[in-house]
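Got a predicted structure plus its sequence, pasted below:
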Amino acid sequence: MVKIVIKGQLTTLNSYINANRNNRYGGGAVKKRETTRCAKAITKYLLDNPQDEELFPANIRFDWYRKDKRSDKDNIAFAKKFILDGFMQAELLDNDNWVNILDFEDHFYIDKDNPRVEITLTPPK
């Protein structure tokens, strides 16, 4: 089992849609920024915690800690796209398909002082 933490709040689906509406390149810029942010957090974790084994295939648990309840849960969980693409950008995952991502689950919490996403990877049983 591996747990990776991404500090802060990731962009919600509504914010991503608004970026696309405001500028034809806005959504692409948001995706690039958030994916790179996730890749850096993943890479930092692995540098601090070298792994001898492959991380994937895996079941993934996302624990979303938000500052408040202003965003709907489905808008928050949209950010898993950035996280999975971050794994690919960090070259730990070659494809986020059904072979490598076995299943995932989302859990939501409020932590106004320490918003973050905790990603827990569990190997298949």
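Yep, that arrived.

number of nearby residues for V5?
V5 has 14 neighbouring residues, counting by other CB atoms under 10 Å. Every C-beta, even on glycine, is put in place using the N, C-alpha and C of the backbone.

same check, this time on F62
Neighbour count of F62, defined by other CB under 10 Å: 19.

hang on, it packs against D106?
Yes - between F62 and D106 there is a contact at 4.9 Å, judged by CB atoms under 8 Å.

any common contacting residues for these two?
Common neighbours of F62 and D106 (criterion: CB atoms under 8 Å, 6 or more residues apart in numbering): 77, 80.

got a list of what the most centrally placed residue in the chain touches?
Residue closest to the mean C-alpha point of the chain, counted by CA atoms, centre = their mean, is I83 at 2.7 Å. Residues near I83 by CB under 8 Å, 6+ apart: 6, 10, 38, 62, 117, 119.

List the buried residues of the longest helix seen in the chain.
Identified as the longest helix of the chain according to DSSP state H is helix 26-48. Applying a neighbour-count criterion of 16 or more other CB atoms under 10 Å, one finds 27, 30-31, 34-35, 37-39, 41-43, 45 buried in helix 26-48.

what about dumping the CA coordinates of it to CSV?
Below are the C-alpha coordinates for helix 26-48, written out as CSV (Å, rounded to 0.1, in the frame of the first residue of the first chain):
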residue,chain,number,x,y,z
GLY,A,26,-7.9,28.2,-20.9
GLY,A,27,-8.9,24.6,-20.2
GLY,A,28,-5.6,23.3,-21.7
ALA,A,29,-3.6,25.6,-19.4
VAL,A,30,-5.6,24.4,-16.4
LYS,A,31,-5.1,20.8,-17.3
LYS,A,32,-1.3,21.3,-17.9
ARG,A,33,-0.9,23.2,-14.6
GLU,A,34,-2.8,20.7,-12.5
THR,A,35,-1.4,17.6,-14.1
THR,A,36,2.2,19.0,-13.6
ARG,A,37,1.4,19.8,-10.0
CYS,A,38,0.2,16.3,-9.4
ALA,A,39,3.2,14.8,-11.2
LYS,A,40,5.6,16.8,-9.0
ALA,A,41,3.9,15.6,-5.8
ILE,A,42,4.0,12.0,-7.0
THR,A,43,7.6,12.3,-8.0
LYS,A,44,8.6,13.9,-4.7
TYR,A,45,6.9,11.1,-2.7
LEU,A,46,8.7,8.5,-4.7
LEU,A,47,12.1,10.2,-4.3
ASP,A,48,11.4,10.3,-0.5
